[in-house]
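> Make a model of this:
(one chain, ligands or ions: 1)
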Amino acid sequence: FEIKVGASGGNATSGHQYGFLHEDINNSGEGGIYAELIRNRAFQYSDKFPVSLDAWHSFNNANLALNRLDTPLSKALPVSVTVSPGSNSSGPAGLFNDGFWGIDVRQQAYTGTFWVYGAYEGVFTAELRSALEDDKVFGSVEVESKAMAGEWVEHTFELVPGEDAPNSNNTFALLFDPAGLAEGEESLDFNLISLFPPTYKGRKNGLRVDIAEALAGLHPSMLRFPGGNMLEGLTNTTYWDWKDTLGPLKDRPGFQGVWGYQQTHGLGIMEYLEWAEDMELEIVVGVWAGLALDGGLTSEEDFQAVIDDGLDEIEFICGSVDTKWGAVRAELGHPEPFPLRYVEIGNEDWLAGYPAGWDSYKEYRFPLFLKAINEAYPDIVVISSGSTHDGYNPIPSPGIGDYHPYRTPNALVDEFDLFDNDSGHIVGEVAATHPNGGTGWSGNLMPFPWWIGTVGEAVSLIGYERNADRIPATFYAPVLRNMNRWQWAVTIVQFAADPRLTTRSTSWYVWELFAAHPMTHTLPAEGEFDPLYYVSGTNEDKGSYIWKGAVYNTTNHENVSVSVSFEGVQAGTQAQLTVLTNPGGDPFAYNDPHTGVNIVSKDTVVLSAGDGGAFEFQLPELSVAVLDTEKK
Ligand code: AHR
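Numbers count the residues shown, from 1 in each chain. As a prediction, the model looks like this:
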């Protein structure tokens, strides 16, 4: 392959090509990147998930009962647990929690809070204990009681274990001495029992460090949230309502999510925005579009309320402190507006409630949102939740589309040129999910990202980046999977309670490499494609030329000879070539968290341009490469 890259004639890119979608699926938020360690911390419930003592157990034969006191902790959290000492038992009474299938215990400062109702004099004891060994306590702290009759009182503490636990089979216990109960009192009520380890960038109510670092390590520049299906909700009264996620945790009711578990609303809109701020990410915020997964649809007559809610959300994010919702954001600690350039209307409306939902989307829901948002915010790009390939063609200008290819590797390669002559889109969700030949959603999903799937994905990413003037960003989805409870296997990072199990998948290495070499402009290149696919460009800020390529050969296993020359680059100029391969050769190999083995090899060499300024190299079968050279 002889590839000649011109010095001019390409297009400016958005500068933020690579990112990810985060929604709470696979316990990726609760018990995932949201660092809360206590499962079912406030006994929240929904129609789908009745209130329960899930994850809680009695300590020392104490009796635990869920109650709706006449004086609840808050309107949002009306149920608490009543703890009374067990009959015939001496010593402390209390309860303990399993965490999200374990708790990682180390010598670091854990921050805890709990609320108590009832008069008690003495101390509470908060402990991190082994679940395997009776009486093994890794860390303990005494918390002076402020509890009093007839009132909910908050208690806070810091707990620093004296030693690291050997594994994450640990629990958190909260205990009191029955002798300290006021006369006539037989129990205490507790609610909102919360424990956080140190968080990413030290944010209160923040993110789990190792998972956040695994995502930040991808050099992402875009975050799309809050879904995905989670945005839509199962019904049109149970979607992710951003207004329920604001303020103190005691005012957040939680909701049933859409992926089979109750959620707390702890990872709320402010937490998402701070996440974006901490990782320096542009955001695509999805606003609810009046359609739920069960097809529940808001009629045109009632639609203004949906638009108003979306406009409030936008104002909350980027309005000045002089606006109603900008002032609320300021009260919550962030007077500075968050930057907002992209708003998406709904999610996959071509799928939910099809065809009535999709028809209504084109007839009134998207056009009304587009008009309302662009009148108030002319610079915001409004994104349709479907694409020209889902039958929305043309998408009303200046709106753009959103395309979600979950495909076989072959299908991703076939779509290499899909956007060559198309209108603007984001690729809001993409991943290789099925092996070649396997297409059914009911079966044949791969257990993890796998090498040939990853290379197929690389080819599609190159195809999108070639059109980066119209494809401002591409998002891996979904990104995180808790190995203890998941609904969707193929994610870019896998994890469990123990950070030592956090695993970067094969796809992580490709997305990391491509995102580490951002282009400010694409450049035209002459040359053939198949089985080599590539995109060329420049980074004006760094003064470099960049070439990204992938070899996708499934039948002929020979190396591919590549010669890349950049117009104006002289013989002797040096370039760095980084190549990702799977030396084991098995196209179905993957990075399995159970073995911890990384099957991806990353090799970097320095090349010198030969006569005519060409960089010559060989790429093996199923490989991904980036060539980066300084402009001279
Ligand atoms: O990423 C998982 C799901 O796939 C998303 O919730 C939805 O948008 C898509 O169908």
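> which stretches of the chain have low pLDDT?
443 (pLDDT under 70).
> Can you give me the domain assignment for it?
If you go by automatic domain parsing, the domain ranges for the chain are 2-11+521-630, 56-196, 224-400.
> Format those as TSV; extra columns: distance to the ligand.
Glycine gets a C-beta too; all of them are placed from N, C-alpha and C. Shown next, in TSV, are those (distance: least, CB to the nearest ligand atom, whole Å):
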stretch	distance to the ligand
domain 2-11+521-630	19
domain 56-196	20
domain 224-400	3
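> Of these, which stretch is the most buried?
domain 224-400 (a mean of 20; mean count of other CB atoms under 10 Å).
> sorry, back to before: of the domains of the chain, which is nearest Ser442?
Taking CB to CB, domain 224-400 is the member of the domains of the chain nearest to Ser442, at 16.0 Å.
> Surely Asp308 is in a strand?
No - counting by DSSP: H, G, I helix; E, B strand; the rest coil, Asp308 falls outside a strand, being helix.
> With Glu315 as the reference, measure out to it.
Going from Asp308 to Glu315 by CB to CB, to the nearest Å gives 10 Å.
> what about the helices in the stretch 401-550 of the chain?
409-414, 451-466, 506-515 (DSSP state H, counting those that start in this stretch).
> so which of the ones you listed comes closest to Leu340?
helix 506-515 (21.6 Å).
> which strands and helices sit next to the closest one?
strand 18-21, helix 451-466, strand 574-581, strand 623-630 (3 or more CB pairs under 8 Å, 6 or more residues apart in numbering; DSSP states H and E).
> Nearest to Glu274, out of these?
From the helices and strands packed on helix 506-515, taking CB to CB, the stretch that ends up closest is strand 18-21, at 16.5 Å.
> hmm, who's touching that closest one?
Residues outside strand 18-21 that contact it (CB atoms under 8 Å, 6 or more residues apart in numbering): 215, 218-225, 227-228, 281-282, 428-429, 461, 473-479, 492, 511, 514-515.
> Looking at these, which are in strands?
Applying DSSP state E to the contacts of strand 18-21, the entries found in strands are Met222, Leu223, Arg224, Phe225, Glu282, Gly428, Glu429, Thr474, Phe475, Tyr476.
> Of the residues you listed, which pair is most distant in space?
Glu282 and Glu429 (16.7 Å).
> Now do the contacts for Tyr552.
Counting by CB under 8 Å, 6+ apart, Tyr552 has contacts Pro409, Val413, Val455, Gly456, Ala458, Val459, Pro531, Tyr533, Leu622.
> again with Trp451
Neighbours of Trp451 in contact, by CB under 8 Å, 6+ apart: Thr506, Asn582, Asp586, Pro587, Phe588, Ala589, Tyr590, Ile599, Val600, Leu622.
> switch the cut-off to 7 Å
Thr506, Asn582, Pro587, Ala589, Ile599, Leu622 (CB atoms under 7 Å, 6 or more residues apart in numbering).
> Double-check that the fifth one belongs to a helix.
So that's Ile599. No - assignment of Ile599 by three-state DSSP gives coil, placing it outside any helix.
> For it, give me its contacts.
Going by CB under 7 Å, 6+ apart, Ile599 touches Trp451, Thr506, Asn582, Gly584, Ala589, Tyr590, Asn591.
> in the stretch 501-632 of the chain, which spans are strands?
Ranges of strands in the stretch 501-632 of the chain, per DSSP state E, counting those that start in this stretch, are 503-504, 521-523, 525-526, 532-539, 544-551, 560-566, 574-581, 601-608, 614-619, 623-630.
> Among those strands, which comes closest to Asp24?
strand 503-504 (19.8 Å).
> so what does the closest one touch, helix or strand wise?
If you count contacts as 3 or more CB pairs under 7 Å, 6 or more residues apart in numbering; DSSP states H and E, strand 503-504 packs onto strand 493-495.
> Which residues does the strand it packs on contact?
32, 211, 214-215, 448, 479-483, 501-505, 508, 593.
> at 8 Å what do you get?
32, 210-211, 214-215, 448, 479-483, 501-505, 508, 593.
> Just give the strands next to it in its sheet, each with its orientation.
strand 480-482 (parallel), strand 503-504 (antiparallel) (DSSP bridges).
> Relative to the ligand, which of the ones you listed is closest?
strand 480-482 (10.8 Å; CB to the nearest ligand atom).
> and that closest one, anywhere near the ligand?
No - Strand 480-482 is not in contact with the ligand by CB under 6 Å from any ligand atom; minimum separation 10.8 Å.
> Now do that strand: distance to the chain's middle.
9 Å (CA atoms, centre = their mean, to the nearest Å).
> got it, and stretch 598-607?
Relative to the mean C-alpha coordinate of its chain, stretch 598-607 is positioned 28 Å out (CA atoms, centre = their mean).
> and what of stretch 608-616?
The answer for stretch 608-616 is 42 Å, by CA atoms, centre = their mean.
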